[in-house]
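J.: Fold the stuff below for me.
(one chain, ligands or ions: 3)
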Amino acid sequence: MLIVQKYGGTSVGTLERIENVAARVIETKKSGADVVVVVSAMSGVTNQLVDYALHYTKDPDGVAMDMLLSSGERVTCALLTIALINLGYPAVGLSGRLAGIITDSVHTKARIEAIDTKRMKEELKAGKIIVVAGFQGIDEKGDVTTLGRGGSDLSAVAIAGALNADLCEIYTDVDGVYTTDPRIEPKAKKLDKISYDEMLELASLGAKVLQNRSVELAKKLNVNLVTRSSFNHNEGTLITKEESMEAVLVSGIALDKNQARVTLRGVVDKPGIAAEIFTALAEKNINVDMIIQNVGQDGTTNLGFTIPQNELHVAKECMDKLSASREILYNDEIVKVSVVGVGMKSHTGVASLAFQTLANEGINIQMISTSEIKISMIVDQKYGELAVRALHEAYKLDK
Ligand code: ADP
Ligand code: ASP
Ligand code: MG
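T.: Ligands and ions are numbered 1, 2, ... in the order given. Next up, the predicted model:
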C-alpha cells in the first residue's frame, strides 16, 4: 500500500504544526503503508517572496522568480525531514529536481511533462519516508520551475499517478470540499463525495481548496483523491468518477477574486482583429476567460474580455503595442461568481434563478457565461460575497 499525503501552508505554518504533521505521517507509516509526503511552503511565505520580487519590478525575470518561489517549499521539506528522523523514522527530503519532476519552461506556471520515479522508488524500497518539496520541478535546461499558485496539490497528484499510489490525501485547514467557501458562508455544508467534473469546475472557478490542474490530472490518471483536515480526524471529501446518485441540481457556488476586465472601444470591425488581440495575449501565456463582442456599428465594435487580475500589467503592455486607434478601459474591481452542478444538464430554470437572485439583491451582472454544468457571472467586487451567500440560499445548499 502506498499513500501520498500533501500538507498545505496552514498545516505546516509553524514548527509545532510541522511536528503535528510528522506525527500523522508516522501514524500512517505504522499502519504498514509506504508514505510519500508533499509539502507546501509555510503559510504566507510564498506571498512574502512574491512581494520581495515586486519591490523591484512588476514583471520579474521568470527564471530568477522560480528560484525564489521554490525556496519556500524546500524549507518545509527539510524541516519535516529533520523532524521525522529525530522521531526515529528514516526519511529523505527531495526537492522537485531530486524527485524527478520534469516540466516545460513556462516559468511560474509550468506544466509537468514527466516524472522520473527512479530515485523515489529506490528510497521507498530502502524503507524511507519520502518528503517532497511541492510546487516545483526542473525544465530541460535544468532551471527550477514552479507550477502556478496552489501547485503543491498538482505535485501530489502527479506523484501519486506516477507511483501508482493507492490513495492521494490532500490535508488542508478545512474538513473537505464544501458547498461554498465556509469562510464566506458559515452555513456551507461539507460534501462526502463530489465528481471529478464538478470539482474541476469549482476549482477552475475559484474554489482554491484544490488547484484546478490537480483535479484535471487526477481525473486523467484515475487517482483516488481525498481532501481532509490536518487538524482533526474527520472524514474528508472523496473526489470520484461517479456522479451523485440523487442527481443534485447544484453542488456548489464558487467565487474568484483574481479577475480583471479589459474593454476595447471602437475596435475596427474587420476580419483578423480578434485574432491579433488574442494571439498577442496567448504569446504572453495569459489565459483569457470570458469574451464579449457587441454587434458592430459604423465599422467599429466593442470587445470585452476577462483575465486573471495578477496578469493585468502584462496584458496592458500587450494592448499598448497593438494599433492604438481605440479606447481601452481596465477594471480590476470585479469578481466572478459561479453556480456549479451536473444537474443543470437535465434541468431548466437553473440560470434564471441565479439571475433573479442577484436582481433581488440589487446586484448588476456585467458579463455572463454558461456551460453544461455551470453559470458564471461577473459582478462588482464589493458584492461578491453577498452574491455567494444569496445564491447558496436560493439553491437551498444549506439544507
Ligand atoms: P492549503 O494551504 O492547505 O493548500 P488553501 O488555502 O489553498 O489551503 O485552500 C483551502 C481553503 O480553500 C479553505 O481555507 C477555504 O477558505 C477555501 N475554499 C474555497 N472554496 C472552498 C470550498 N468549496 N470548500 C472548502 N474550502 C474552500
Ligand atoms: N506555496 C505555493 C502557493 O502558495 C504552492 C502551494 O501552497 O500549493 O501557491
Ligand atoms: Mg492550496
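J.: Show the backbone phi and psi for the closest residue to ligand 2 within the stretch 51-200 of the chain.
T.: Closest residue of the stretch 51-200 of the chain to ligand 2, Cβ to the nearest ligand atom: S152 (3.2 Å). No exception for glycine: its C-beta is placed from N, CA and C like everyone else's. Phi and psi for S152, reported as degrees, to the nearest 10, are phi -70, psi -30.
J.: Check the gap between it and L217 for me.
T.: Distance of S152 to L217, computed by Cβ to Cβ, to the nearest Å: 13 Å.
J.: Name all residues that make contact with the residue of the stretch 101-250 of the chain found nearest ligand 3.
T.: For the stretch 101-250 of the chain and ligand 3, the shortest gap (Cβ to the ion) falls at G150, measuring 4.1 Å. G150 makes contact with K208, L210, Q211, S214, according to Cβ atoms under 8 Å, 6 or more residues apart in numbering.
J.: quick one, phi/psi of the residue of the chain most remote from its centre?
T.: The centre of the chain is farthest from one residue, D298, which by Cα atoms, centre = their mean lies 42.4 Å away. Backbone geometry at D298, expressed as degrees, to the nearest 10, gives phi 50, psi 40.
J.: picking up where we left off before, wouldn't the residue of the stretch 51-200 of the chain closest to ligand 2 be in contact with G137 here?
T.: No. With contacts counted by Cβ atoms under 8 Å, S152 stays clear of G137, the gap being 11.7 Å.
J.: hmm, back to that, highest neighbour count among the contacts of G150?
T.: S214 (29 neighbours; other Cβ atoms under 10 Å).
J.: Does that residue lie in a helix or a strand, and which?
T.: helix 212-221 (DSSP states H and E).
J.: Identify the residue spatially nearest to the most centrally placed residue in the chain, adjacent ones excluded.
T.: The centroid of the chain falls nearest to Q211 when counting by Cα atoms, centre = their mean (2.6 Å). Spatial nearest neighbour of Q211, chain neighbours left out: G150 (3.7 Å); criterion: Cβ to Cβ, 6 or more residues apart in numbering.
J.: still on that earlier bit, need the pLDDT of the residue of the stretch 51-200 of the chain closest to ligand 2.
T.: pLDDT, S152: 98.
J.: how about the helices in the protein?
T.: For the chain, the helices defined by DSSP state H cover 15-30, 45-54, 62-69, 71-86, 118-125, 152-162, 196-204, 212-221, 273-283, 312-321, 350-360, 384-394.
J.: What are the buried residues along the third one?
T.: When you say that, I think you mean helix 62-69. G62, V63, M65, D66, L68, L69 (16 or more other Cβ atoms under 10 Å).
J.: What parts of the protein come near ligand 1?
T.: 8-11, 40, 150, 172-174, 177-178, 180-183, 202, 207-209, 252 (Cβ under 6 Å from any ligand atom).
J.: how about 5 Å then?
T.: With the criterion set to Cβ under 5 Å from any ligand atom, the chain comes near ligand 1 through G8, G9, T172, D173, V174, V177, Y178, D181, R183, A207, K208, V209.
J.: Quick one: residues contacting the second one.
T.: Put plainly, it is G9. Residues counted as contacts of G9 (Cβ under 8 Å, 6+ apart) are S40, A41, M42, S43, G44, V45, T46.
J.: Next, find the distance separating it from ligand 2.
T.: 5 Å (Cβ to the nearest ligand atom, to the nearest Å).
J.: Might you name the residue of this structure sitting closest to ligand 1?
T.: G8 (1.8 Å).
J.: mind checking pLDDT for that residue?
T.: For G8, pLDDT reads 98.
J.: try L386
T.: 98.
J.: cool, and T348?
T.: The per-residue pLDDT reported for T348 equals 83.
J.: Relative to Q356, how far out is it?
T.: From T348 to Q356 the distance is 14 Å (Cβ to Cβ).
J.: Surely G343 is in contact with E198?
T.: No. Look at G343 against E198 with Cβ under 8 Å: they stay out of range, at 9.8 Å.
J.: Please say which of these two ends up with more neighbours.
T.: With neighbours defined as other Cβ under 10 Å, G343 and E198 compare such that E198 has more, 26 against 19.
J.: mind checking the longest strand of the protein?
T.: Longest strand in the chain, counting residues (DSSP state E): strand 252-268.
J.: Neighbouring strands of it in the sheet, and parallel or not?
T.: strand 300-307 (antiparallel), strand 327-340 (antiparallel) (DSSP bridges).
J.: quick one, the longest one and helix 350-360 angle?
T.: I take that to be strand 327-340. 120 degrees (axes from the mean of the first three to the mean of the last three Cα atoms, to 10 degrees).
J.: in strand 327-340, what counts as buried?
T.: Within strand 327-340, the residues scored as buried using 16+ other Cβ under 10 Å are I328, N331, I334, V335, K336, V337, S338, V339, V340.
J.: how about the last one, what does it touch?
T.: When contacts are counted by Cβ under 8 Å, 6+ apart, V340 is found next to E198, E201, L202, L205, V250, S251, G252, I253, A254, I373, K374.
J.: Repeat the analysis, applying 6 Å as the threshold.
T.: Applying Cβ atoms under 6 Å, 6 or more residues apart in numbering to V340 gives the contacts E198, E201, L202, S251, G252, K374.
J.: just the first one next, same as before
T.: Contact criterion Cβ under 6 Å, 6+ apart gives L264, M319 as the residues in contact with I328.
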